[in-house]
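A.B. asks: sequence first, then the predicted structure:
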Amino acid sequence: MKTNLRKYRFENGELSQQQLADIVKVSRQTIVAIERGDYNLSVKLALLLARKLNTTVENLFQLEEKDYV
């Protein structure tokens, strides 16, 4: 899954990974893993991130061809 989380962190006041983690109540390591594409987040967390970053889930995350296999 492709993620634009890092881009939206910077567009929303240059939030650090730790600041965003604190806002959505997860660890910084979770944010790191999401940005690397190593973490399958819950729908709830995806919606929370989108809301806090003033965007949509669809703007934050996109499926890639390999995700359909």
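C.D. replies: Happy to help now that I have it. Residues are numbered from 1 along each chain as shown.

A.B. asks: secondary structure element for the spatially closest residue to residue 52 that is not a sequence neighbour?
C.D. replies: Excluding the flanking residues, the one nearest residue 52 by C-beta to C-beta, 6 or more residues apart in numbering is residue 23, at 5.3 Å. C-beta coordinates here come from the backbone N, C-alpha and C atoms, glycine included. Using DSSP states H and E, residue 23 maps to helix 17-24.

A.B. asks: okay, buried residues for stretch 25-37 please.
C.D. replies: 26, 30, 31, 34, 35 (16 or more other C-beta atoms under 10 Å).

A.B. asks: strands - which of those land there?
C.D. replies: If you go by DSSP state E, these have nothing in strands.

A.B. asks: determine which two of those residues are furthest apart.
C.D. replies: Maximum pairwise distance among the buried residues of stretch 25-37 (C-beta to C-beta): 12.3 Å, between 26 and 35.

A.B. asks: just the strands in this structure please.
C.D. replies: 2-3, 61-62.

A.B. asks: nearest to residue 10, out of those strands?
C.D. replies: strand 2-3 (13.3 Å).

A.B. asks: and the closest one, what does it pack against?
C.D. replies: For strand 2-3, the packing partners by 3 or more C-beta pairs under 8 Å, 6 or more residues apart in numbering; DSSP states H and E come out as strand 61-62.

A.B. asks: who does the strand it packs on pair up with?
C.D. replies: Strand pairing for strand 61-62, using DSSP bridges, gives strand 2-3 (antiparallel).

A.B. asks: from the chain's centroid, how far away is the strand it pairs with?
C.D. replies: Its chain's C-alpha centre and that of strand 2-3 lie 8 Å apart, by C-alpha atoms, centre = their mean, to the nearest Å.

A.B. asks: ok, the residue nearest to residue 52 to residue 48 distance?
C.D. replies: Remark: distance between residue 23 and residue 48 (C-beta to C-beta, to the nearest Å) = 8 Å.

A.B. asks: more neighbours: the two, which one.
C.D. replies: When residue 23 and residue 48 are compared for neighbours, residue 48 comes out ahead with 17 against 14, by other C-beta atoms under 10 Å.
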